[in-house]
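Peer 1: Model the following, please.
(chains A and B)
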Amino acid sequence: NAGVMQNPRHLVRRRGQEARLRCSPMKGHSHVYWYRQLPEEGLKFMVYLQKENIIDESGMPKERFSAEFPKEGPSILRIQQVVRGDSAAYFCASSPFSSGGQRSEKLFFGSGTQLSVL
Amino acid sequence: AQKVTQAQTEISVVEKEDVTLDCVYETRDTTYYLFWYKQPPSGELVFLIRRNSFDEQNEISGRYSWNFQKSTSSFNFTITASQVVDSAVYFCALRGTNAGKSTFGDGTTLTVKP
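Peer 2: Below you'll find the predicted structure:
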């Protein structure tokens, strides 16, 4: 049973280009979360998606960033017109179902995509 | 609003020493979940433990132990007889009744020297 797969592992972009980060959740998981880790900082929540739905995008910058999790295929985090400040490690996590009441499943994390903007 | 504070940015110990990583949290939720994750130099995040707010029983797993004190809103992590392979960044996280969002601390970088 493969874990959460993220690709590419490293992505280099020049300012103004687009970055597309992919995340395939674990088999059977229908919930995907994206986190950003800036240098010397902790993980910051960006967005939570279920298949074809954005559930919580309170951590997403208002402009240039978007995320989707289509019915088929991986979840995509898209950053348009990248700037140097977007350089960070982007982690995807998945879980089999959402928490509620007294249950909460742990998140399974991918290895992350290191985005470098030149 | 939720907040997780890991006051120790970096800790350095010599192998076989015991080390405790502190975690203090804030939340208004009455039901919540606390986690510790390990991020070794390779970068991936590895789940270590989950604890819910109704269970204050401390837990031991091998050389790892966790002390959950609801009265002080702390969830500290102790490594006994540390080893070089324990060198990593350790994150404490809090997840409330909002299903999606987990709030992470800024992490504590542990260096274990031989």
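Peer 1: residue contacts, the residue of chain A found nearest chain B?
Peer 2: Residue of chain A nearest chain B, by CB to the nearest CB: A:Y48 (3.0 Å). Just so you know, the C-beta spots here come from the backbone N, C-alpha and C atoms, and that holds for glycine as well. A:Y48 makes contact with A:H31, A:V32, A:Y33, A:I54, A:I55, A:D56, A:E57, B:A99, B:G100, B:K101, according to CB atoms under 8 Å, 6 or more residues apart in numbering or on different chains.
Peer 1: Reduced to three states, what does the spatially most central residue of chain A come out as?
Peer 2: The centre of chain A sits closest to A:W34, judged by CA atoms, centre = their mean, with a distance of 2.9 Å. Counting by DSSP: H, G, I helix; E, B strand; the rest coil, the backbone at A:W34 sits in strand.
Peer 1: Go ahead and confirm it touches A:I76.
Peer 2: No: A:W34 lies out of contact with A:I76 (CB atoms under 8 Å); the separation is 9.9 Å.
Peer 1: who touches both of those two?
Peer 2: Residues touching both A:W34 and A:I76 by CB under 8 Å, 6+ apart: A:C23, A:A67.
Peer 1: Just checking: what are the partner strands of the helix or strand bottoming out on mean pLDDT in chain A?
Peer 2: Least confident element among the helices and strands of chain A, by mean pLDDT, DSSP states H and E: strand A:108-109 (a mean of 88). Strand pairing for strand A:108-109, using DSSP bridges, gives strand A:88-95 (antiparallel).
Peer 1: Spell out which parts of chain A neighbour chain B.
Peer 2: Contact residues, chain A versus chain B (CB under 8 Å from any CB of the partner chain): A:31, A:33, A:35, A:41-45, A:48, A:55-56, A:58-59, A:89, A:91, A:93, A:98-102, A:104, A:106-112, A:114.
Peer 1: Among those, name the ones in strands.
Peer 2: A:31, A:33, A:35, A:43-45, A:48, A:55-56, A:89, A:91, A:93, A:108-109, A:114 (DSSP state E).
Peer 1: Give me the nearest residue to A:G28, chain neighbours excluded.
Peer 2: Using CB to CB, 6 or more residues apart in numbering or on different chains and skipping residues adjacent in sequence, the residue nearest A:G28 is A:P96, 5.9 Å away.
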